[in-house]
Structure formats: structure tokens, C-alpha cells
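**Q** Have a look at this fold, sequence not included:
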């Protein structure tokens, strides 16, 4: 399509067999930022409580692979719900289900295959993590509905994309405690903020087709809302580190991700969809900087 889209059909995706390409695009494999953002809260948990490098690296591998698959599964579910709406929105009209490149029955069969492989990976974890992994399917399935019934569908996405924090914590410790809940809450507010930035790409089209979002709800007041979300994120990260007994080095190390978040607030221009996408993608570096801060706090 000639209009604005974030689909990247070129690059390595273009070198796949032709019959595979629509499924790669359906899983958003052309845009790995979503997998990174789903995975990073789990990395925070490993950096904070993993008892050894070996355990941390093994769980990082499992969660990384699982994040790619589950992000893909979530995208399939989302696109099945939204295929009629996606045809009316410039950025999403080229998605495989909206464009007809993949039929709904094909997408459902593909979804079952992705979920089966994801479940086999989940079985490598302990009982507590397995239970949390299965429970994650509920908010994943409900997220596409949220944008039809509330101005805060980003809150549902925050619940989904922060799930790796408690799940990763449980994978290490066998359970949850107050530090894990604080880490989960930090991830929730981080995601609530950055997905509001993301939603500003579609603000005008969403208003026309009846999709609701925090971007539409706050509009010109997005900057203070974003500042509140990111302030809560940094405060809850500091609380989780304190509850986990990290060293005094942890708080100074949090200055880097805090500065990166402040930069997003300062640069935000809700009328520039390309800038909104760049600021959204910059959260990969924020998440990695947070993981680094937790590692520094273990010194």
C-alpha cells in the first residue's frame, strides 16, 4: 500500500519462501521490537534474583524464544479480532488477515501450532511458572476486546506485556513475593506509557472507526500522563530493588533508564507518527538499561 504503514515486507522476510511470508508478517517477525518488549520484564527478574549466570542464561534463552512465539500468537489473536477494523486504518490495512493474504481458518490452524510449540517450552519451567504461563492466555485473548469497551486498552496490554516479570521471578524462586509484585507493577506503568505513544500513530483513524485508546482519551494531555506513568515505573523499580535487598549501586544505575524515559517525554510530538514509532522502539534500550541496573545492584 502507498499510505503510512509500519509493515516491513522487505529485508530477511522477503528472502523467505513466498508461502511463508504472510505468516511471518502475521507474527510481526518483520518487527522484532514487540518480542523484545514482551521479553524484557522477564530479563529484569533474572537479573534481580537468578542464583547464577548459568540459570539466568538458560531462562533468558527459554523466555526469549517463548516471547517471540507468544508475541506472534498474540498478534494472530489480535488480527483475527480486528481484521475488519484493520482494513479501515491506513497503518494496518496491509496486514495479512486484513488484506486477505491469510484466511481466518489458516490463521487459526497456525495459531494452534504456535501455541503447541510455546507450551512445550513452558513445560521446561517449574510448576509456578507453568501456571502463570497458562493464565497469561486470558488477558492475551481479551486485549483486542478492550479497545472496543474502554478508553484504557493500553492497561490490558500493560498486564499482558509485563507478565514475564512475575513469571520470570517465579521461574527462579518458585513463587511470588512483594518484590515480584513491585516489579510487575513497574512493568505495567512502563507499558501503559510507551503504548500510549504507540497509539498516537493511529489516533485519527481510530476515532473514525470506533477504536478507543489512551491516546484519544488524553490527546494534548498525553505528556503529563506519560510523565506520571514513567515516574511510577522508576519509583516501583527502586522499590523492587530495595525489597530484593540489592546494593546501594542500584539506585545510581537507575539514572540511565530514567534519563532515557525523560528524553521520550521531552521529545514527544503526538502529531508525528514516525517520531512516535521511533520513541516507542527506543524502549528496547530502556528495558536493557533497567536489566543492567539490576545486575549492577547485585554487585
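**A** It's in. As the structure is a computational prediction, the values presented were derived from the model and not from experiment.
**Q** shaky segments in the stretch 1-150 of the chain?
**A** Scanning the stretch 1-150 of the chain with the threshold set as pLDDT under 70 gives 1-7, 9.
**Q** just so I have it, where are all the helices in it?
**A** Counting by DSSP state H, counting those that start in this stretch, the stretch 1-150 of the chain has these helices, from start to end: 21-26, 33-49, 53-86, 96-99, 104-122, 127-135, 137-149.
**Q** Save those helices as JSON lines, and put in distance to residue 292 and mean neighbour count too.
**A** No exception for glycine: its C-beta is placed from N, CA and C like everyone else's. Compiled in JSON lines, those are given as follows (distance: least, C-beta to C-beta, whole Å; neighbours: other C-beta atoms under 10 Å):
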{"stretch": "helix 21-26", "distance to residue 292": "31", "mean neighbour count": "21"}
{"stretch": "helix 33-49", "distance to residue 292": "8", "mean neighbour count": "25"}
{"stretch": "helix 53-86", "distance to residue 292": "13", "mean neighbour count": "19"}
{"stretch": "helix 96-99", "distance to residue 292": "36", "mean neighbour count": "22"}
{"stretch": "helix 104-122", "distance to residue 292": "26", "mean neighbour count": "15"}
{"stretch": "helix 127-135", "distance to residue 292": "24", "mean neighbour count": "17"}
{"stretch": "helix 137-149", "distance to residue 292": "28", "mean neighbour count": "16"}
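**Q** Out of these, which gets nearest to residue 281?
**A** Within the helices of the stretch 1-150 of the chain, the stretch nearest residue 281 is helix 33-49; the backing value is 5.0 Å (C-beta to C-beta).
**Q** elements contacting that closest one?
**A** If contacts are counted by 3 or more C-beta pairs under 8 Å, 6 or more residues apart in numbering; DSSP states H and E, helix 33-49 sits against helix 53-86, helix 153-161, helix 164-173, helix 178-199, helix 283-297.
**Q** picking up where we left off before, would you turn the helices of the stretch 1-150 of the chain into CSV with distance to residue 238?
**A** Converted to CSV, these look like this (distance: least, C-beta to C-beta, whole Å):
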stretch, distance to residue 238
helix 21-26, 39
helix 33-49, 12
helix 53-86, 22
helix 96-99, 42
helix 104-122, 31
helix 127-135, 24
helix 137-149, 26
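**Q** just to revisit the earlier point, if we compare the helices and strands packed on helix 33-49, which one ends up closest to residue 104?
**A** Of all the helices and strands packed on helix 33-49, helix 53-86 sits nearest to residue 104, with 6.2 Å by C-beta to C-beta.
**Q** residue at max distance from the center of the protein?
**A** Distance to the chain centre peaks in the chain at residue 248, reaching 29.3 Å (criterion: C-alpha atoms, centre = their mean).
**Q** residues touching residue 227, list them.
**A** With contact taken as C-beta atoms under 8 Å, 6 or more residues apart in numbering, residue 227 is in contact with residue 265.
**Q** Following element in sequence after the helix or strand residue 204 falls within, please.
**A** Applying DSSP states H and E as the criterion places residue 204 in helix 203-209. Using DSSP H and E, the helix or strand that follows helix 203-209 in sequence is helix 214-218.
**Q** List the buried residues of that next one.
**A** Using 16 or more other C-beta atoms under 10 Å as the burial criterion, the residues of helix 214-218 that qualify are 214, 215, 216, 217, 218.
**Q** Among the residues you listed, which one lies nearest to residue 295?
**A** For the buried residues of helix 214-218, the nearest to residue 295 is residue 214 (31.9 Å; C-beta to C-beta).
**Q** The closest one: what's it in contact with?
**A** 151, 152, 153, 154, 192, 195, 196, 199, 222, 225.
**Q** phi, psi of residue 95?
**A** With angles defined as degrees, to the nearest 10, residue 95 sits at phi -60, psi 150.
**Q** same check, this time on the one 5 residues further on
**A** Residue 100 adopts backbone torsions of phi 90, psi 0, taken as degrees, to the nearest 10.
**Q** Count the neighbours of it for me.
**A** The number of residues packed near residue 100 is 10, by other C-beta atoms under 10 Å.
**Q** picking that back up, from residue 254, how far off is the residue farthest from the centre of the chain?
**A** From residue 248 across to residue 254, the span is 12 Å (C-beta to C-beta, to the nearest Å).
**Q** go on, residue 186?
**A** Plainly put, residue 186 is 11 Å away from residue 254 if you go by C-beta to C-beta.
**Q** What of residue 138?
**A** 32 Å.
**Q** One more: residue 69?
**A** Distance from residue 69 to residue 254, by C-beta to C-beta: 31 Å.
**Q** Could you do residue 236 as well?
**A** 11 Å.
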